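Undergrad: Pasting the sequence and the predicted coordinates here, then a few questions.
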Amino acid sequence: MTDEERLEKIAIKAFRKHWTKILRDLEKGKDTYANKLYRCFEADTSARQKILAKKFYGIDHANKMATLSKEAIKRNMSCYLPKAIEYTLSENEDEPREQEAFIEKLGSCEYVIIDSHQDTYWEEYEEDVGNVWVAEYPARVAYDDWYERSVGTTLYDCSTSVLMKSTGETFSKREGDWLKKSIQHNIDGNELSAFWWFQCEYIAKNKLWIRIHDFVIKEQYVEEFLREAEILSKNQLQEFVRQILEYQYEEKKIKTKLKVFNNYKTMEEQDLFVIMENFFWKNWEAEILSDYDIRMAENIMNRITGRKDRDYHT
């Protein structure tokens with residue numbers, strides 16, 4: 001038996017054992033899995049996380065997973081198992097117990113994630129290119145979230161991941177939408193001044209590709225924000241200026257700079273836009289406006305236009 005065959009057999013056995021235990025506990029009335037583990041699910045609110053947890057750890061789903069044939073388990077796990085086996089054989093060479101413990105863990109978590117740092121678009125992503133890191137997600141540690149994997153680290157400025165369910169099942173549209181909101185909620189919740197954005201695309205029905213980009217060249221982020229502001233109508237532009245005049249800035253020097261907008265209600269649209277653009281560029285470059293101020297202004301603009309995503313950032 002090859003190492004690959006050994007670990008595949010371990011994975012299938014562990015998967016079945018895991019779900020058989022959950023089913024047995026649920027049948028005995030020990031309905032604690034969803035309540036204990038709902039925070040492991042990808043959504044932007046606790047209520048939504050609980051919906052996902054109750055479905056995943058519900059008796060119907062547990063019964064479905066526990067009664068899968070060996071062939072069906074292998075087929076379901078095929079979206080990540082070959083890469084996981086390759087990874088652990090490399091990382092834990094000549095340590096069969098470590099290899100088996102790693103493989104057993106993957107089948108009993110909520111998600112499996114494959115991380116790489118391919119700074120490319122999803123159409124060009126190749127699973128077999130470069131070094132990858134395979135892991136359970138989220139890991140049972142204090143900090144393992146999208147922020148810590150991207151903006152919160154100084155090791156790299158682009159994080160590329162493929163997220164899959166440990167069961168290998170497909171993601172519904174709702175699950176995909178909630179994942180996107182979860183990523184934004186998590187990163188902005190940790191650092192609202194960060195210049196970042198992300199893409200999330202289906203590369204298969206059961207695989208979500210996620211690229212999180214931390215803007216090292218901050219000028220690019222500001223430029224893209226101001227380019228998006230060009231779509232504002234005259235009324236929207238005036239409302240935008242009105243709200244940035246009311247915004248509470250930390251830097252006291254900005255009060256004198258805001259005087260350029262004294263006659264904004266009577267200005268021609270193009271003149272007002274040029275003044276607004278110069279206001280942000282010059283004062284941000286002079287460090288009178290902070291990164292946080294830029295992000296808050298951007299949020300104001302997007303509320304006015306009704307845009308929910310900042311996908312004009314590339």
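TA: Great, that's in hand.
Undergrad: Listing request: residues of this structure with sub-threshold pLDDT.
TA: Low-confidence regions of the chain, defined here as pLDDT under 70, cover residues 119, 122, 124, 128-130, 141-143.
Undergrad: domain parsing for it?
TA: By the assignment in automatic domain parsing, the chain contains the domains 3-214, 218-305.
Undergrad: start to end distance for the first one?
TA: Yep, that's domain 3-214 we're talking about. As for domain 3-214, its first-to-last residue distance stands at 39 Å under the measure C-alpha to C-alpha, to the nearest Å.
Undergrad: How about the contacts made by the closest residue to Lys255 other than its chain neighbours?
TA: Closest residue in space to Lys255, ignoring its immediate chain neighbours: Tyr249 at 7.7 Å, by C-beta to C-beta, 6 or more residues apart in numbering. The C-beta positions use only the backbone N, C-alpha and C, and glycine is treated the same way. Contacts for Tyr249 (C-beta atoms under 8 Å, 6 or more residues apart in numbering) come out as 255, 289, 293.
Undergrad: where do the helices sit along the chain?
TA: 3-27, 33-37, 46-56, 59-66, 70-77, 81-91, 96-106, 173-190, 218-229, 234-246, 254-257, 269-285, 291-305 (DSSP state H).
Undergrad: helices or strands up against the third one?
TA: By that I understand helix 46-56. Other elements packing on helix 46-56 under the criterion 3 or more C-beta pairs under 8 Å, 6 or more residues apart in numbering; DSSP states H and E are helix 33-37, helix 173-190.
Undergrad: cutoff 6 Å now
TA: Helices and strands in packing contact with helix 46-56 are listed as helix 33-37; criterion 3 or more C-beta pairs under 6 Å, 6 or more residues apart in numbering; DSSP states H and E.
Undergrad: so the residue lying closest to Lys180 once chain neighbours are set aside bridges to which residues?
TA: Nearest in space to Lys180, with sequence neighbours left out and distances taken as C-beta to C-beta, 6+ apart, is Cys200 at 5.0 Å. With DSSP bridges as the criterion, Cys200 is bridged to Ile210.
Undergrad: quick one: Cys200 and Ser193, what's the gap?
TA: Using C-beta to C-beta, to the nearest Å, one obtains 22 Å as the distance from Cys200 to Ser193.
Undergrad: Looking at the two now, which is surrounded by more residues?
TA: Using other C-beta atoms under 10 Å as the criterion, Cys200 and Ser193 rank with Cys200 on top: 19 against 12.
Undergrad: That one touches Lys181, doesn't it?
TA: No: between Cys200 and Lys181 there is no contact, the gap being 10.1 Å when judged by C-beta atoms under 6 Å.
Undergrad: Which residue, other than its chain neighbours, is closest to the residue most central in space within the chain?
TA: Among the residues of the chain, the smallest C-alpha distance to the mean C-alpha position (C-alpha atoms, centre = their mean) belongs to Ile183, namely 3.3 Å. Nearest residue to Ile183, sequence neighbours excluded (C-beta to C-beta, 6+ apart): Trp146, at 4.8 Å.
Undergrad: same question, Glu250
TA: In this structure, Glu250 finds its nearest non-sequential neighbour in Ser290, 7.0 Å apart by C-beta to C-beta, 6+ apart.
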